[in-house]
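Chemist: Structure for the following, please:
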Amino acid sequence: MADQLTVSIIYYSATGSVHRLARAVAEAAEAEGAQVRLRKVHELAPEEAIASNQGWAAHRQETQDVPEASLEDLEVADAVLFGTPTRYGLPAAQLKQFIDTTGGLWAQGKLADKVYSSFTSIGTAHGGHESTLLSLNNVIAHWGGILVAPGYTDPIQFQAGNPYGTSHTSNNGATPPGEVELAAAAYQARRVVRIARALKAGLARVSTDADSPEQAAEEAGVGGVSARS
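Modeler: Model prediction:
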């Protein structure tokens with residue numbers, strides 16, 4: 001359906017905290033009427049490392065049926081939410097590796113003019129919540145995407161406290177996301193869906209009124225990489 005909104009949730013989770021947030025995001029987006037693609041990125045860690053951590057090995061077994069992310073999940077999406085644990089204040093290598101494969105889509109302008117947002121989980125307090133999310137924002141800027149952060153636009157955000165995106169402190173995996181974090185993730189998803197739907201409808205109207213797709217993009221002030229760039 002032309003008016004169907006597609007939301008891709010692309011995440012990496014080792015022991016399950018980011019996965020729980022991703023599920024909350026997916027359920028909220030589905031409740032808003034979006035077609036949701038929940039996708040994990042490919043695991044890069046060696047088998048011995050995974051096997052040495054009981055929680056890591058158990059989570060991989062529990063989520064073996066979750067499909068792995070593909071470039072198509074980005075191409076067809078109207079909105080994308082990235083989820084990642086932090087690694088030294090940066091996104092996990094597994095998610096970064098997936099992002100590094102998107103050059104072809106970027107060069108064709110197929111990542112521009114979509115809504116993007118992100119969420120994270122960290123092992124310790126002050127362990128890189130904000131810097132991880134801000135690092136992902138850099139990617140969104142290069143793609144020409146539209147960043148939709150939760151901000152302080154709902155009462156739950158004054159409890160969750162992170163305007164850049166939902167974040168959770170897991171105490172090194174011992175504490176799963178609680179009611180506040182899951183509610184913040186759900187609110188972030190609803191905000192993304194609402195704004196992505198409005199953006200899609202607005203761009204469709206501009207395209208209908210214009211003489212050509214190029215004129216539509218010019219009048220809307222949007223567009224990706226083109227032959228004239």
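
Chemist: buried set for the longest helix anywhere in the chain?
Modeler: Determined from DSSP state H, the single longest helix within the chain is helix 179-209. Buried residues in helix 179-209, counted by 16 or more other Cβ atoms under 10 Å: 181-193, 196-197, 199-200, 203, 206. In this view, the C-beta of every residue, glycine as well, is placed from N, C-alpha and C.

Chemist: repeat for stretch 91-106
Modeler: Buried residues in stretch 91-106, counted by 16+ other Cβ under 10 Å: Pro91, Ala92, Gln94, Leu95, Lys96, Phe98, Ile99, Thr102, Leu105, Trp106.

Chemist: Remind me what the helix or strand containing the third one packs against, helices and strands.
Modeler: To tie it back to what came earlier, the one meant is Gln94. Assessed by DSSP states H and E, Gln94 sits inside helix 93-99. Judged by 3 or more Cβ pairs under 8 Å, 6 or more residues apart in numbering; DSSP states H and E, the packing partners of helix 93-99 are strand 6-11, strand 79-87.

Chemist: Of the buried residues of stretch 91-106, just say which sits nearest to Ile140.
Modeler: Nearest to Ile140, judged by Cβ to Cβ, of the buried residues of stretch 91-106 is Ile99 at 10.3 Å.

Chemist: The closest one is in contact with Asn138, isn't it?
Modeler: No - Ile99 is beyond contact range of Asn138, at 10.4 Å (criterion: Cβ atoms under 8 Å).

Chemist: Show residues contacting the helix holding Gln94.
Modeler: With contact meaning Cβ atoms under 8 Å, 6 or more residues apart in numbering, helix 93-99 is reached by 10-12, 41-45, 69, 82-84, 87, 90-91, 139.

Chemist: Please tell me which one of the residues you listed counts the most neighbours.
Modeler: Within the contacts of helix 93-99, most neighbours by other Cβ atoms under 10 Å means Gly83, with 32 neighbours.

Chemist: just checking, that one touches Ala14?
Modeler: No - in this structure, Gly83 is not within contact of Ala14 by Cβ under 8 Å, at 11.9 Å.

Chemist: Provide the partner residues of the residue nearest to Gln4 when sequence neighbours are not counted in its beta bridges.
Modeler: What sits nearest to Gln4 in space, not counting adjacent residues and going by Cβ to Cβ, 6 or more residues apart in numbering, is Gln35, at 5.5 Å. Beta-bridge partners recorded for Gln35 (DSSP bridges): Thr6.

Chemist: tally of neighbours for Gln35?
Modeler: Around Gln35 there are 15 residues (other Cβ under 10 Å).

Chemist: Next, the contact list for it, please.
Modeler: If a contact means Cβ under 8 Å, 6+ apart, then Gln35 has Gln4, Leu5, Thr6, Val7 as its contacts.

Chemist: Low-confidence stretches in this protein?
Modeler: Counting by pLDDT under 70, the chain has low-confidence residues at 1-2, 210-229.

Chemist: And the helices in this structure, which stretches?
Modeler: Listed in chain order, the helices of the chain (DSSP H) span 17-31, 47-51, 54-62, 71-75, 93-99, 103-107, 129-143, 157-160, 179-209, 213-220.

Chemist: Can you say which of those helices is nearest to Gly173?
Modeler: Closest to Gly173 of the helices of the chain is helix 54-62 (Cβ to Cβ; 5.4 Å).
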